[in-house]
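Participant: For reference, the sequence and a predicted model appear below.
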Amino acid sequence: MSHTAWKVLPFVALVTLASACGDDAKPVNAAEYGELLFRDARFSESQFNDFSCATCHATTPTPLNGRMDSGYTLYNVASRPHWWGGYETNLLDAVNFCYVSFMRGVQKLPEDSPQSRALYEYLVSISPDAQAPALPYTVVKDIQEVPRGSLERGQVVYQAACQECHGALHTGEGRLTEMASILPEVTHDYDELFPGIPHSLVVIEKVRHGQFFHIGGNMPAYSLESLSDADMGALLTYLGL
Amino acid sequence: MRHAWVCALGLAFAACSDDSSPFDGVKPPEGLEYAHPEPWVTGTGVPPPGPGGRVIITNSLDDTLSLLELEGATTPGWRELARVPVGLNPVELEGPHHTAVSPDGSHYYVGISNYVPGGGSGPHGAHGSGADDGYCLKLDARDNRLVGSVRVDPNPGDVIVSKDGNTLYQTHFDTLKIAEVARRGGIEKEMYARLAIIDAKTMTRKAMVDVCPAPHAIRLSADERTAYIACWSDEVAIVDLSAPTTEAPRVKVANNAGTATAPRHQPYALTMSPTTGDVFVSSMSSREVQVLEARTHAMNAARTIRLAGSPMFGDISADGATLYMPYQGVEALAIIDAATGFIRREVDLAPAGCLNAHQAKLTPDESHALVVCEGDHVRPGTLHSVNLAQGTVVNTVRVGIFPDSVSILRGQP
């Protein structure tokens, strides 16, 4: 390259670059930003959080790839009249319950912050119907044993409902967070923690009650709608309980 | 020279690359473009209260509030405007218990008892047994959304608000504490539960005052210097609010009064005369309404009113002349001469579907009484509007499960 070319080309390159960077100053669609927040655990400022909204919620009409989430798909979520089985009648309150309880959000999302507004725009963008029915949410309050199911079904349930957070059976390999217990090895402590109580009952309680009912942690609860007793029984078989 | 340009270009590329993604997870990008000018306008809204006032009922076993427009109370066909959830947690039942409304109508306050028998169980233990701390919630009257809360002691009982709306007084009807202390042979003082004095603006605790075993109903004197509190130990505590940490004197409700572990009267509710300041003490087991006279701070046994069932929370006319007292067992509303104790009339509520009458509240014009009945604690309870001139039940409205208070929210929020 000639000496003159070395004088001119960098100018051209810089101008081109400046022009390209200038394109980024265009308005940003808030729903797009909301979707990124939806899928990003950093949406919660807690250093102990590894969950995003997407950890527990699909966004398609029915969950893809056989996912069995504790939370409903959020397709049409903004079109529902209420949430949490009727115990939240304001969408922001419903979101904030998740945000604070499961994502360890330090404080509730305000109504008008850019992040909050962007999330709302995204939720509306995945709610194409003007109205959608409310969805039931049945908490299993009192914990009882369930009939056991097949090993094969149990494996499917584990992979669809448990594996993302808890990782591979026995090793925890690939788990989302080290705060998620390794299954079923965690039950080794149960004889000391819950003497005389079948390990299976403690596992059923944890799955059904999550962090609630005096339990703690930040696992969500699996309602009857998100996990049937039949699938619970199959899961227990797979866990060897 | 060539080297310098390469560096400059490299830096430019890096800088451009850093800025090319407007998203960094938390920090919002510049120039966000919104499609919806009003965010979060979705869900089930309830119109704000109108000038006629709104009735609020706590349904203690299904974590809801029944809302009714007061204007419909006096004509047949009255019905719930809405039944809205209340509480901090949509997963567990929390037992909302009693309501206080701010004088300006902007807010109302609900006690959360965390007492819902059968509220859940597992290896970690029973839930809803009343062993957990309670809360006082502050809700916006316009949209019924939570705007604040404060943790208090287990088993919140009654909650009232000062005339200026700045201070809340919440008792703790902790009979569980009585049983636990008795089981281990403790003394009565260990059974005391506390009165929470709460800043209503900030929802912070200003003071927690030992009162007596299982204090429940609380009423303030006209000058708001004295709080009268019904104690399960067959007593009324008289708390000097100018020095609330001083141990409050307590007055036995009758000569044959029992103790916290073996009460003979079981004082539960209080109704205060707006003219004399006398306090009518509703004692459940003795079925008596005993009178504590404000002038002497002593019971006047001669004025004791005996009913055919357990008296509960009553109301009294603005002129202090007439006491309206609902009572259980028979399920009736007794209309009583407040000065003499003479029962002028009784309105039978059972034929209208009332079971376990719990509270009567006069409408602002005193033409009707609103009586809330608990029901059987499994199926819905009821609210009745009673025409006091005619002695008839005008309306029976099914509400939630185990309703235990009725309040009227007045003023434009």
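Facilitator: Right, received. Where do you want to start?

Participant: per-domain residue ranges of chain A.
Facilitator: A:30-125, A:151-238 (automatic domain parsing).

Participant: could you point out which element follows the helix or strand hosting A:Ala94?
Facilitator: Using DSSP states H and E, A:Ala94 maps to helix A:91-101. The helix or strand immediately downstream of helix A:91-101 is helix A:114-125, counting by DSSP H and E.

Participant: which regions of the chain sit below the pLDDT cut-off?
Facilitator: Unless you meant another one, I'm taking chain A. Where chain A drops to pLDDT under 70, the residues are A:1-27.

Participant: I was after chain B.
Facilitator: In chain B, residues with pLDDT under 70: B:1-26, B:411-413.

Participant: thinking again about what came up before, could you export the domains of chain A as JSON lines, including distance to B:Pro117 and mean neighbour count?
Facilitator: All C-beta spots, glycine's among them, are computed from the backbone N, C-alpha and C. Output for those, formatted as JSON lines (distance: least, Cβ to Cβ, whole Å; neighbours: other Cβ atoms under 10 Å in any protein chain shown):
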{"stretch": "domain A:30-125", "distance to B:Pro117": "19", "mean neighbour count": "19"}
{"stretch": "domain A:151-238", "distance to B:Pro117": "14", "mean neighbour count": "18"}
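
Participant: Select, out of those, the one closest to B:Arg398.
Facilitator: In this view, the domains of chain A are compared for proximity to B:Arg398 by Cβ to Cβ, and domain A:30-125 is the closest at 17.2 Å.

Participant: Please give the centre-to-centre distance between that closest one and its chain.
Facilitator: Chain-centre distance of domain A:30-125: 8 Å, with Cα atoms, centre = their mean, to the nearest Å.

Participant: next one: stretch A:151-161
Facilitator: Counting by Cα atoms, centre = their mean, stretch A:151-161 comes out at 18 Å from the chain centroid.

Participant: now swap in stretch B:33-44 and tell me
Facilitator: For stretch B:33-44, the distance to the chain centre is 33 Å (Cα atoms, centre = their mean).

Participant: Start and end of that stretch, how far apart?
Facilitator: The first and last residues of stretch B:33-44 sit 27 Å apart, counting by Cα to Cα, to the nearest Å.

Participant: Establish whether it and chain A are in contact.
Facilitator: Yes - counting by Cβ under 8 Å from any Cβ of the partner chain, chain A is contacted by stretch B:33-44 at B:Glu33, B:Tyr34, B:Ala35, B:His36, B:Pro39, B:Trp40, B:Thr42, B:Gly43, B:Thr44.

Participant: Name only those of the residues you listed that count as buried.
Facilitator: B:Tyr34, B:His36, B:Pro39, B:Trp40, B:Thr42, B:Gly43, B:Thr44 (16 or more other Cβ atoms under 10 Å in any protein chain shown).

Participant: And the residues you listed, which two are furthest apart?
Facilitator: B:Tyr34 and B:Thr44 (23.6 Å).

Participant: Pick out the residue of the stretch 251-400 of chain B closest to chain A.
Facilitator: B:Gly400 (12.0 Å; Cβ to the nearest Cβ).

Participant: what about that residue, how many neighbours?
Facilitator: Neighbours of B:Gly400 under the rule other Cβ atoms under 10 Å in any protein chain shown: 21.

Participant: same thing with B:Arg398?
Facilitator: 15.

Participant: just B:Thr171 next, same as before
Facilitator: There are 31 residues near B:Thr171, going by other Cβ under 10 Å.

Participant: ok, it touching B:Cys212?
Facilitator: No - if you go by Cβ atoms under 8 Å, B:Thr171 and B:Cys212 don't touch, sitting 9.5 Å apart.

Participant: which residues do these two both contact?
Facilitator: B:Ala193, B:Ile229 (Cβ atoms under 8 Å, 6 or more residues apart in numbering or on different chains).

Participant: What distance do you get for A:Leu169 to chain B?
Facilitator: Using Cβ to the nearest Cβ, to the nearest Å, one gets 22 Å for the distance from A:Leu169 to chain B.

Participant: quick one: secondary structure of that residue?
Facilitator: Put simply, A:Leu169 is coil when judged by DSSP: H, G, I helix; E, B strand; the rest coil.

Participant: ok, it to A:Tyr87 distance?
Facilitator: Look at A:Leu169 and A:Tyr87: by Cβ to Cβ, to the nearest Å, they are 34 Å apart.

Participant: just B:Ala352 next, same as before
Facilitator: For B:Ala352, the distance to A:Tyr87 - Cβ to Cβ - is 31 Å.

Participant: Strands - which of the residues of stretch B:33-44 next to chain A land there?
Facilitator: Using DSSP state E, the members of these that fall within strands are B:Glu33.

Participant: ok, so of the residues of stretch B:33-44 next to chain A, who is nearest B:Ser273?
Facilitator: Distances from B:Ser273 to the residues of stretch B:33-44 next to chain A, taken by Cβ to Cβ, are shortest for B:Thr44, at 41.6 Å.

Participant: check contacts around the closest one.
Facilitator: Contacts of B:Thr44 by Cβ under 8 Å, 6+ apart are A:Pro81, A:His82, A:Thr89, B:Ala82.

Participant: Restricted to strands, list those.
Facilitator: B:Ala82.

Participant: could I get the contacts of B:Thr44 as CSV with distance to B:Asn256?
Facilitator: Compiled in CSV, the contacts of B:Thr44 are given as follows (distance: Cβ to Cβ, whole Å):
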residue, distance to B:Asn256
A:Pro81, 56
A:His82, 53
A:Thr89, 51
B:Ala82, 47
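
Participant: phi, psi of the residue in the stretch 151-300 of chain B that chain A sits nearest to?
Facilitator: Of all residues in the stretch 151-300 of chain B, B:Pro154 sits closest to chain A, at 13.7 Å by Cβ to the nearest Cβ. B:Pro154 has phi and psi values of phi -60, psi 150 when expressed as degrees, to the nearest 10.

Participant: Next: the one 4 residues further on.
Facilitator: As for B:Asp158, its main-chain torsions (degrees, to the nearest 10) stand at phi -90, psi 160.

Participant: ok, now B:Ile57?
Facilitator: phi -120, psi 130.

Participant: Just give the closest residue to it, not the sequence neighbours.
Facilitator: B:Ser66 (4.1 Å; Cβ to Cβ, 6 or more residues apart in numbering or on different chains).

Participant: which residue packs closest to A:Phe29, ignoring adjacent ones?
Facilitator: If you look again at residue A:29, you'll see it is Asn, not Phe. B:Glu33 (5.8 Å).

Participant: before we move on, what about A:Phe212?
Facilitator: Nearest one to A:Phe212, counting by Cβ to Cβ, 6+ apart, is B:Val91 at 4.7 Å.

Participant: A:Ser79 against A:Ser127, yeah?
Facilitator: Yes - here A:Ser79 reaches A:Ser127: they are 4.6 Å apart, a contact under Cβ under 8 Å.

Participant: Look up how far B:Cys212 lies from the closest residue to B:Ala298 other than its chain neighbours.
Facilitator: Nearest non-adjacent residue to B:Ala298, counting by Cβ to Cβ, 6+ apart: B:Val251, 6.5 Å away. Using Cβ to Cβ, we find B:Val251 at a distance of 11 Å from B:Cys212.

Participant: same thing with B:Trp40?
Facilitator: On the measure of Cβ to Cβ, B:Trp40 and B:Cys212 end up 45 Å apart.
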